[in-house]
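Participant: Model the structure of this input:
(one chain, ligands or ions: 2)
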Amino acid sequence: MKSLGSIRRDFAPWKDPSAKPYIAFENVTKVFGDFTAVDDLSLTIFEKEFFALLGGSGSGKSTLLRMLAGFDEPTKGRILLDGQDLAGIPPYRRPLNMMFQSYALFPHMTVEANIAFGLKQEGMPKADIAARVAEMLKLVKLEQFAKRKPHQLSGGQRQRVALARSVAKRPKVLLLDEPLGALDKKLREETQFELMDLQQSLGLTFVIVTHDQEEAMTMADRIAILDKGQVMQVATPAEIYEAPASRFVASFVGNVNMFEGTVAAREANKARIAGASGAEIFVENAGDAAAGNAVAFAVRPEKIKVSSKRPEGSANAMEGEVFDLAYLGDMTVYHVRLPDGQVVKASALNSSRLTDDPLTWNDRAWISFQPDAGVVLTR
Ligand code: ADP
Ligand code: MG
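Facilitator: Ligands and ions are numbered 1, 2, ... in the order given. Predicted structure coming up:
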């Protein structure tokens, strides 16, 4: 199998058996009353990693972060930082800082004073504070705004002040709970790249909580997908997208088509899947699926081709009808209904201005894909 890389080519400590995790959750459970918010969860994060906790609302993301920060203690299990058990260590004695969604800037203080606040409390000498604040202002490109109050700043600038303040004390780990939630889409995208730059230039470990899959995909070295307080998969963005471990993960991240069926034959790595509708699907890399298993073949829309005629030499082709289509400028998304009622999504890049195979509503159409276009899922 060809490899699915990580975004930073030379950074993959999780693949190195001799690398020691920096943060480790070991069988951590958190119970509120009779509700289990985090359920026997284990997870490791490496130094200088940009790690994202991704999950729907209520999946336990913030609870995990709060326990790491020390605002909550696990009901069971341990959390280790650089080999040290964090149990009983108060938040201010942990070498980490947390940035909250509502940045909680002091409204009556200038940008400068906001950034200096934690340093003063720590008793840092005045000259050192001034130097550090200047360095932080430069880092987040807010030098001209030092004397302003938060209400005289834009949302994006406030976000950067909060960021500067949270790294001013040079924590080893920065925890960010939905840090970009208050920003509009365009600003959010710009800020994602700024965050990545900042993380790299300071050499910090970032653990970020988000419910936004694109955000996690853009920024993180690895993503943990959470559901009901459990880890569904931990992997790089490319692995999560191209090699999801389960139907849940495949559906949670991006668009996907699931062809449900039974493994009719398995030979070496290849398999033939008998689909619910009687159609057969030939796949490579059948993974751990054995003959007789109920499986799904998960294929992303961009790996499915749509054409008006049966494509020649395609292992997997099915005829249906164009049920819906959306022209999005850069691409067109076709919804093709198969005889059994399943609607298959296929996206085609509009790389030339005109197409010689135009398809529209109610046209007969063929969808086709290669045996290695997707993954076989047993879970
Ligand atoms: P997320 O950040 O993924 O949206 P949280 O970690 O905030 O989820 O919460 C997970 C679950 O735990 C939710 O159902 C939430 O209602 C519950 N929960 C969180 N904190 C408390 C608390 N202090 N008391 C009771 N229930 C809580
Ligand atoms: Mg939350």
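Participant: Name the residues that touch the helix ranked longest in the chain?
Facilitator: Ranked by residue count under DSSP state H, the longest helix found in the chain is helix 185-202. Here helix 185-202 makes contact (Cβ atoms under 8 Å, 6 or more residues apart in numbering) with 50, 139-140, 155-156, 159-160, 163, 167, 170, 174, 176, 179-180, 183, 206, 215, 218-219. Where C-beta positions appear, they are placed from N, C-alpha and C, glycine not excepted.
Participant: surely residue 48 meets residue 10?
Facilitator: No. With contact defined as Cβ atoms under 8 Å, residue 48 and residue 10 do not form a contacting pair (11.5 Å).
Participant: on that earlier part again, show me the contacts of helix 185-202 that map onto helices.
Facilitator: Using DSSP H, the contacts of helix 185-202 in helices are 139, 155-156, 159-160, 163, 167, 215, 218-219.
Participant: Only whichever of these are buried, select them in PyMOL.
Facilitator: Buried subset of the ones in helices among the contacts of helix 185-202, written as a PyMOL selection, criterion 16 or more other Cβ atoms under 10 Å:
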select buried, resi 139+156+159+160+163+167+215+218+219
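Participant: So residue 106 belongs to a strand, correct?
Facilitator: No. Looking at residue 106 with DSSP: H, G, I helix; E, B strand; the rest coil, it is coil, so not inside a strand.
Participant: Relative to residue 161, how far out is it?
Facilitator: For residue 106, the distance to residue 161 equals 10 Å [Cβ to Cβ, to the nearest Å].
Participant: list the residues that contact both of the two?
Facilitator: Joint contacts of residue 106 and residue 161 (Cβ under 8 Å, 6+ apart) are 114, 150.
Participant: These two: which is more packed in?
Facilitator: Per other Cβ atoms under 10 Å, whichever of residue 106 and residue 161 has more neighbours is residue 161, with 25 against 12.
Participant: Would you enumerate the residues in contact with that one?
Facilitator: With Cβ under 8 Å, 6+ apart, residue 161 has these contacts: 103, 105, 111, 114-115, 140, 142, 150, 153.
Participant: contacting residues around the most centrally placed residue in the chain?
Facilitator: The centroid of the chain falls nearest to residue 216 when counting by Cα atoms, centre = their mean (3.0 Å). By Cβ under 8 Å, 6+ apart, the contact set of residue 216 is 52, 54, 208, 210, 223, 237.
Participant: Which positions in this structure make contact with ligand 1?
Facilitator: 32, 35, 37, 55, 57-63 (Cβ under 6 Å from any ligand atom).
Participant: If any of those residues are buried, put those into a PyMOL selection.
Facilitator: In PyMOL syntax, the buried subset of those is picked out as below (16+ other Cβ under 10 Å):
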select buried, resi 37+55+59+60+61+62+63
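Participant: Any chance of a markdown table for the residues of the chain next to ligand 1, columns secondary structure and pLDDT?
Facilitator: Converted to a markdown table, the residues of the chain next to ligand 1 look like this (DSSP: H, G, I helix; E, B strand; the rest coil; pLDDT from 0 to 100):
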| residue | secondary structure | pLDDT |
| --- | --- | --- |
| 32 | strand | 97 |
| 35 | strand | 97 |
| 37 | strand | 98 |
| 55 | strand | 95 |
| 57 | coil | 93 |
| 58 | coil | 95 |
| 59 | coil | 96 |
| 60 | coil | 97 |
| 61 | helix | 96 |
| 62 | helix | 94 |
| 63 | helix | 96 |
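Participant: And the residue of the stretch 201-350 of the chain closest to ligand 1?
Facilitator: residue 209 (6.2 Å; Cβ to the nearest ligand atom).
Participant: Now that residue: phi and psi?
Facilitator: phi -100, psi 130 (degrees, to the nearest 10).
Participant: Report the helix or strand with the lowest average pLDDT across the protein.
Facilitator: Every helix and strand of the chain was ranked by mean pLDDT, DSSP states H and E. The lowest is helix 185-202, at a mean of 86.
Participant: Next, the buried residues of that one.
Facilitator: Result for helix 185-202 [16+ other Cβ under 10 Å]: buried residues 188, 191-192, 194-196, 198-199, 202.
Participant: same deal with stretch 120-130?
Facilitator: 124, 129.
Participant: Poorly predicted segments of the stretch 251-379 of the chain, please.
Facilitator: 276-278, 356 (pLDDT under 70).
Participant: which residues in it form strands?
Facilitator: Listed in chain order, the strands of the stretch 251-379 of the chain (DSSP state E, counting those that start in this stretch) span 257-267, 270-275, 280-283, 294-299, 305-307, 316-327, 331-337, 343-349, 364-369, 374-377.
Participant: Would you mind giving the ones in helices among the contacts of helix 185-202 as CSV with pLDDT added?
Facilitator: Formatted as CSV, those follow (pLDDT from 0 to 100):
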residue, pLDDT
139, 87
155, 84
156, 85
159, 86
160, 88
163, 89
167, 90
215, 91
218, 91
219, 93
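Participant: Out of the ones in helices among the contacts of helix 185-202, which comes closest to residue 69?
Facilitator: residue 167 (14.9 Å; Cβ to Cβ).
Participant: now residue 17, what's its secondary structure?
Facilitator: coil.
Participant: one step back: I'd like to know which of the contacts of residue 161 are part of helices.
Facilitator: Per DSSP H, the contacts of residue 161 map to helices at 111, 114-115.
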